[in-house]
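Student: Requesting a structural model of the entry that follows:
(one chain, ligands or ions: 1)
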Amino acid sequence: MQLVIGNQNYSSWSMRPWVAMTHFGVSFETIKLELDTPVFAAQIKQYSNANTVPVLMTQNGTATDSLSILETLADGHPQMWPSNPKLKIMARNAVARMHSGFFALRSEMPMNCRAIQRRLNITPACRNDIDQVEALWARCLAAANQAGQTQGYLLGDFSIADAFFAPVVVRLRGYKVTVNATTQTYMDTMLTTPAVMAWIAAGVKETSILHQDEAGFD
Ligand SMILES: N[C@@H](CCC(=O)N[C@@H](CS)C(=O)NCC(=O)O)C(=O)O
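Tutor: Model prediction:
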């Protein structure tokens with residue numbers, strides 16, 4: 001399989017399937033297209049009619065959206081979702097909320113692997129999104145603990161839900177925002193997960209700068 005991604009420093013949607021596939025040992029080849037370049041505009045058309053990354057090319061066809069990619073992969077790798085039915089519903093709810101919400105957080109705090117604890121003035125709408133994320137994570141972690149799944153990921157073992165929130169972890173690390181102790185512990189678990197570390201390390205090595213995705217100051 002081939003996974004088309006954008007810049008690892010900035011492309012939060014690309015990070016999700018790349019991290020999940022790497023974590024679960026799914027074999028794939030990466031094709032990286034630099035966002036916001038003439039090359040991207042010219043080449044993305046050959047991979048996807050949605051004109052966005054990520055894109056997964058499989059023997060059976062092409063998945064052109066991060067969630068579509070991970071649902072496609074989970075058909076063959078059911079361990080990507082929690083096996084406990086209650087935790088699986090919570091994982092799906094969490095993924096759906098990330099995929100279709102938290103707009104202030106997404107726009108005001110662009111994912112930027114190179115940013116570490118930058119100062120950033122955020123709006124009340126963004127703080128509300130962060131509060132909602134923290135509450136969601138706390139509910140998931142509590143449900144996992146109650147089910148005896150104490151591995152430290154949202155719903156027990158690492159799942160698609162964690163892959164979906166990996167870019168939020170990078171964002172919360174990237175900007176000076178106050179988070180509670182439960183959030184910090186979860187972030188520490190994620191930031192020491194090899195697939196997450198590998199993505200961040202690759203992002204940090206990149207040198208291109210997308211000015212629209214640079215926010216805050218050191
Ligand atoms: N809903 C899509 C969103 C994908 C998306 O917006 N990707 C951005 C990069 S992170 C992109 O390709 N932007 C390029 C463009 O829109 O020209 C998904 O989940 O995959």
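
Student: When you work out contacts or count neighbours from here on, use the C-alpha atoms and nothing else.
Tutor: Noted.

Student: Show me the domain layout of this structure.
Tutor: 2-78, 79-203 (automatic domain parsing).

Student: okay if I get these as TSV plus mean pLDDT?
Tutor: Converted to TSV, those look like this (pLDDT from 0 to 100):
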stretch	mean pLDDT
domain 2-78	98
domain 79-203	98
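
Student: List phi and psi for T37.
Tutor: In this entry, T37 is assigned phi and psi values of phi -130, psi 160 (degrees, to the nearest 10).

Student: Burial check on it, number of neighbours?
Tutor: By the other CA atoms under 10 Å criterion, the neighbourhood of T37 contains 11 residues.

Student: I'd like the next helix or strand past the lengthiest helix in the chain.
Tutor: Secondary structure of the chain read by DSSP state H shows that its longest helix is helix 124-146. Once helix 124-146 ends, the next helix or strand along the chain (criterion: DSSP states H and E) is helix 160-174.

Student: how big is the angle separating that next one from helix 124-146?
Tutor: Using axes from the mean of the first three to the mean of the last three CA atoms, to 10 degrees, one finds that helix 160-174 and helix 124-146 are set 130 degrees apart in direction.

Student: related to what we said a few turns ago, how far out from the middle of the chain is the longest helix of the chain?
Tutor: Chain-centre distance of helix 124-146: 16 Å, with CA atoms, centre = their mean, to the nearest Å.

Student: packing partners for it?
Tutor: Contact analysis of helix 124-146 by 3 or more CA pairs under 8 Å, 6 or more residues apart in numbering; DSSP states H and E lists helix 85-100, helix 103-108, helix 181-191 as its packing neighbours.
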